[in-house]
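[1] Okay, predicted coordinates and the sequence, questions at the end:
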Amino acid sequence: MHALLNQSINLYAAFLLIVSFAMISQRRILSLVHLYTTQGVALVLATVTVAYLTSQPHLFYSAVITLALKVFLIPIMLHRVIDRLDVRWDIEPLINIPTTMLIGIVLVVFAFNLALPISQLSSSIARSTLGIALACVLLSFMMMIVRAKAIPQVIGFLAMENGLFFAATAATNGMPMIVELGIALDVLVGVLILGVFMFQIREQFDSLDIRHLERLREE
Amino acid sequence: MNVSTTGILAQSLEIALALAAAPLLLGWVDQWRARLQNRSAPPITQPYRVLRKLFHKESVVAGSASPLFRFTPYVMFGCMTLACAIVPTISTDLPLATAADAIALVGLFALARTFIALAAMDIGTAFGTMGARREMLIGFLAEPALLMALFCTSLITHSTSLANMVGTMTHRHYVLEPSLAFAGVAFTMVSLAENARVPVDNPATHLELTMIHEALILEYSGRHLAMMEWAASLKLFAYSCIGLALFFPWGIAEVDSPLAMLFAVPVLVFKLAIGGVLLALIETASAKMRIFRVPEFLATSFLLAVIGLLVHQLLES
Amino acid sequence: MPATLPLFLTLLLPIAGGGVLALFGHRERGPQINVAFSFATFASALWLTAEVILGTPILGFEERFFIDPLNAFLVALTALVGFTTSLFSQPYMRIEREHGKMTAPRMRLFHSMYQLFIAMMLMALTTNNLGVLWVAMEAATLTTVLLVSVYRTPASLEAAWKYFILCGVGIAQALFGTMLLYLAADRVIGGGEGALLWTHLAAVKTQLEPNILALAFVFLMLGYGTKVGLVPVHNWLPDAHAEGPTPISAVLSGLLLNVALYAILRCKSLAEGAMTNGLAGRTMVAFGIVSVVVAAFFLRRQRDVKRMFAYSSIEHMGLMTFAFGLGGPIANFAGLLHMTVHSLTKSAIFFAVGHATQRAGSQLMDDIRGLLQSSPTLGWGLVLGSLAILGLPPFGVFASEFLILTSAMRQLPWATPVLLLALGVAFAAVFGRVQAMVFGESTQPPLPHRPALVPVFVHLGLTLMLGIFVPPFLNEWYQQAAALIGG
């Protein structure tokens, strides 16, 4: 049973990686939010498994917070923003999708290499998944760069934070409770502010295309 | 090469089974497709009837055809039969298997593809050339993905021979392997593309805009067409058996256990039946994609296979 | 507990202020309430600082908060500049309201976020937990994002978006660095909350794994360095300074950059303890020099006055990073002194510039003319402020720059001509522009309210005093703090 649970952490990590790639290739913005939600679910499952295997009660609380925040609250807020702003598609990303996928593979290899010395030094049960967590972070970062609309950039940002959270679980069996609470609060407030911000941008530009926000340059 | 009588027996039984059962599999898939689409289903023996009809008809060949055109159907048929013979469907004790491994298998398919493309271009009609171009595009992109998926499993089993792979996989402890999941999905996507199934190509269409595989065999008739159709069904059978051998290998008889083969045949039938239903489901639930989206589709499958490799290296080694 | 009461008050007052102003910030008395809360915070911060300097470092609330000489003086500085900026924002925001650029809801937002921003910075300065430090730094960004875009112009929206995204990405790297620190600590002192407490880590810093610390420091440097405004991750800084309201520019330059640098310093002392090859110091030196040079050359090309002074901030933060990277008692002392005088002087400049731009109705330097003629105090304030920030004696900036350059000559001779050149280029650029702004004829109307110039001259006075004579208690203070930074 224990061995099976141990391997299931690997499964969740692989699932997270797949979802990160799927996010890069998505064109519909609603699907992005759904993918983000599934990422949250995988995260919660992984945290609960680690909590059970290492008998650390504070990870259970952390999993509950993650569930409430990333599977319910934030997706609901994002849905509301999308509904009111009536955005559906992000037709052309800045680089075409097969190329982004190939760059993604390169990033994954890079992340695995970077994480190898660290995971050797860690004593956590999930340490081999640190490379995957880093890869998710890098992929979300790339997603932020290649997208031309505001909402995919925001979701990329949130996905990056998911990756970091998973990295914390993988490398060190989670951070202290107070820190995780603080981070959760920051994320929540961040999404709220971004929601408000979207409306301001939309009001000003009548569009959420980020390229309108590139006027300020060095003379 | 250790050729035992059981080996020869297993080999011939496999070839016979493949030849006999491949049209049956096609019929099963067609039946389920019809059912899922709320049409009245043709009988499961319909492909046999089509073959019999075609064999009795005269084969009409264009005047400008070269000998290549005439013997391509036989080459195709031979390649696919050989492929089915190599893949361990009911037993791993196959004398021919030691001569060919997974990479050679991919090479066999590539050989068949080359011949059919050349034959299609041979007559010089527009449909043939167009079909050949599209087929080569798909093949070009699908081959690396297929190879990667096969490599993934061969990394786990430390061998590229399919018989060895099956042997290793059936004897492992039950382990959750994400890399196998990735390789499996990638393999499914590639087989959809290679066998000309929805969402890559509609096997029942004859619209110029959308046909790929049909365009290649448009000029054939009579016994040539019969061979090509049979070869196509053998290809589907081969791909299904490869998938089953790699990802669901339980039930295949081992070396030196001829009685287990008796057990292996119903198991195979059962697995193929389920696989057929799943294929019909996928076909019904997806829409055929534009030809320009096919590179994306295949790039995704390549990607999944590569991720499977990387994940294996990271997590399981 | 008598020792922790000032700490409690210092943190609680701005938070309470934020809550109160969220409800009443738009009233007639709103700015006055803001000033009152800021003054109260300043008073309790002074009390706290006195306790630490006269007594011993404070470890409060089960070791969750830690005040030693290093952050004690930063706490006092933050509270001081917070107070004087609130004094400045009183007439400034009233004028903005007259001009129609601020509405009632925006005033509420401005005042409440201002107090919360001060609260978050004080929390970042006083916490002992490196994770909470991260949380507070991110919270400080979040409180000011909406303030940068408060004027709702396209440029300000872009500036706020860049600010949010770039700082967010940067701080995510800092989070990863913090995690790596936790990993290193976990191996030595076990997990749990204690593993992220700076005091615990400092006690065992020689036992921490050097490889992990090296990687952690790089990420922390990149992450917090984004908030300090080090090149090449400085892109958000000029836009945020130029497009936000001037009080926000003042506190961003004067306070946020300092707190971010403080965060780097705490991590640097851990990294230096663990690694023996001086990588931390050299990284800081490299970032510092690059920032100084790049900022100086960008300075020349600016046409917007607030952007120009924003680049000046980048330059000075680069200089400070360079000083702390060099290490040693003199360089650290110089860095700390520079932190103080830069904070005071830059905010004074922004006060003067704020009113100047209000008179001219534009931020372009070509539109501002003849300040000495139309408003002598404003003009002189700007002239003296610019001279101060450019390092003219006898202002404090000269003293700290002199000490930094002499330490550089001793420890890293090749850097000195580079720095001198950059400083010279900056001098020529800024002084030329300021000269054009203050001299000549003026055709601008007077302001509807009297400008707030007392804060300007208070700051400049302090800077002058620090240039001529550092009082012994400050001297002692800086030396203790310099010793704590080590290196």
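    Thanks, I have it.

[2] C-alpha from now on. contacts and neighbour counts both.
    OK.

[3] Tell me how many other residues crowd the closest residue to chain A within the stretch 151-300 of chain B.
    When scored by CA to the nearest CA, the stretch 151-300 of chain B has residue B:178 as its residue closest to chain A, at 5.4 Å. Each residue near residue B:178 was counted by other CA atoms under 10 Å in any protein chain shown, and the total is 24.

[4] List the contacts of it.
    A:10-11, A:14, B:308, B:311-312 (CA atoms under 8 Å, 6 or more residues apart in numbering or on different chains).

[5] swap in residue C:463?
    Residue C:463 is in contact with C:341, C:344-345, C:388, C:395-397, counting by CA under 8 Å, 6+ apart.

[6] hey, which helix is longest across chain A?
    helix A:177-205 (DSSP state H).

[7] looking only at pLDDT, what's the mean for it?
    For helix A:177-205, mean pLDDT is 80.

[8] what about it, near chain C?
    Yes - applying CA under 8 Å from any CA of the partner chain, one finds helix A:177-205 touching chain C at A:177-179, A:182-183, A:186, A:189-190, A:193, A:197, A:200-201, A:204-205.

[9] Relative to chain C, how far out is residue B:189?
    36 Å (CA to the nearest CA, to the nearest Å).

[10] Would you map the helices across chain A?
    A:2-25, A:29-54, A:57-66, A:74-85, A:97-121, A:130-146, A:150-172, A:177-205.

[11] Just want the angle from the fifth one to helix A:2-25.
    It stands for helix A:97-121. With axes from the mean of the first three to the mean of the last three CA atoms, to 10 degrees applied, the angle from helix A:97-121 to helix A:2-25 works out at 150 degrees.

[12] pretty sure residue B:148 contacts residue B:303?
    No - the pair residue B:148 / residue B:303 is not scored as a contact, 9.2 Å apart, by CA atoms under 8 Å.

[13] next SSE after the helix or strand of chain B with the lowest mean pLDDT?
    One helix or strand of chain B scores below all others by mean pLDDT, DSSP states H and E: helix B:162-171, with a mean of 80. Downstream of helix B:162-171, the first helix or strand assigned by DSSP states H and E is helix B:178-194.

[14] I would like the residues contacting stretch C:60-79, please.
    By CA under 8 Å, 6+ apart, the list of residues contacting stretch C:60-79 reads C:3-4, C:38, C:41-42, C:45-46, C:48-49, C:52-53, C:56-59, C:118, C:122, C:125-129, C:197, C:199, C:255, C:259, C:262, C:340, C:477-478, C:480-482, C:484.

[15] Now, the residues you listed that are in strands?
    C:58-59 (DSSP state E).

[16] Derive a PyMOL selection command for the buried subset of the contacts of stretch C:60-79.
    Command for PyMOL that selects the buried part of the contacts of stretch C:60-79, burial taken from 16 or more other CA atoms under 10 Å in any protein chain shown:
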select buried, chain C and resi 3+4+38+41+42+45+46+48+49+52+53+57+58+59+118+122+125+126+127+128+129+197+199+255+259+262+340+477+478+480+481+482+484
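
[17] ok, residue 68 - how many residues close by?
    This is for chain A. 14.

[18] Chain B, not that one
    15.

[19] Strands along chain B, start to end?
    Counting by DSSP E, chain B contains no strands.

[20] Now do the most centrally placed residue in it against residue B:289, distance only.
    Here the mean C-alpha position of chain B is nearest to the C-alpha of residue B:239 (CA atoms, centre = their mean), at a distance of 2.9 Å. According to CA to CA, to the nearest Å, residue B:239 and residue B:289 sit 22 Å apart.

[21] quick revisit: what's the least confident helix or strand of chain B packed up against?
    Applying 3 or more CA pairs under 8 Å, 6 or more residues apart in numbering or on different chains; DSSP states H and E, we find helix B:162-171 packed against helix B:126-157, helix B:222-247.

[22] what do you get if the cut-off is 6 Å, keeping everything else the same?
    Other helices and strands packing on helix B:162-171, by 3 or more CA pairs under 6 Å, 6 or more residues apart in numbering or on different chains; DSSP states H and E, are absent; none qualifies.

[23] Please point out which parts of it sit buried.
    In helix B:162-171, counting by 16+ other CA under 10 Å, buried: B:162-170.

[24] need the residues of chain A near chain C, please.
    By the rule CA under 6 Å from any CA of the partner chain, the part of chain A lying against chain C is A:172, A:176, A:179, A:182, A:213.

[25] One more pass at 8 Å, please.
    Counting by CA under 8 Å from any CA, chain A sits next to chain C at A:118, A:122-123, A:157, A:161, A:164, A:168, A:171-172, A:175-179, A:182-183, A:186, A:189-190, A:193, A:197, A:200-201, A:204-205, A:213-216, A:219.

[26] what about burial for those residues, which qualify?
    For these, a burial check counting by 16+ other CA under 10 Å picks out A:118, A:122, A:157, A:161, A:164, A:168, A:171-172, A:175-176, A:179, A:182-183, A:186, A:190, A:193, A:197, A:200-201, A:205, A:213.

[27] Which helix runs longest in chain C?
    Chain C, longest helix under DSSP H: helix C:154-189.

[28] Is that helix positioned near chain A?
    Yes - part of helix C:154-189 sits near chain A under the criterion CA under 8 Å from any CA, namely C:154-155, C:157-158, C:165, C:168-169, C:172, C:175-176, C:179, C:182-183, C:186-187.

[29] Can I get the buried part of these as one PyMOL selection?
    Buried members of those, defined by 16+ other CA under 10 Å, are picked up in PyMOL with:
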select buried, chain C and resi 154+155+157+158+165+168+169+172+175+176+179+182+183+186+187
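
[30] from the residues of helix C:154-189 next to chain A, which is closest to residue B:68?
    residue C:169 (61.5 Å; CA to CA).

[31] Name all residues that make contact with that closest one.
    A:157, C:223.

[32] Count the neighbours of residue 170 for me.
    Using chain A here. Neighbour number of residue A:170 under other CA under 10 Å is 28.

[33] wait, I meant chain C there
    Look at residue C:170: counted by other CA under 10 Å, it has 21 neighbours.

[34] Who's the closest spatial neighbour of it, skipping the chain neighbours?
    Nearest in space to residue C:170, with sequence neighbours left out and distances taken as CA to CA, 6 or more residues apart in numbering or on different chains, is residue C:223 at 4.3 Å.

[35] From residue C:85, how far out is residue C:453?
    11 Å.

[36] now do residue B:149
    64 Å.

[37] With neighbour numbers in mind, choose between those two.
    Taking neighbours as other CA under 10 Å, residue B:149 and residue C:85 compare with residue B:149 leading, 31 against 26.

[38] Please give me every residue in contact with the more buried one.
    B:183-184, B:186-187, B:305-306, B:308.

[39] just those residues that are near chain A?
    Within the contacts of residue B:149, those near chain A by CA under 8 Å from any CA are residue B:306.
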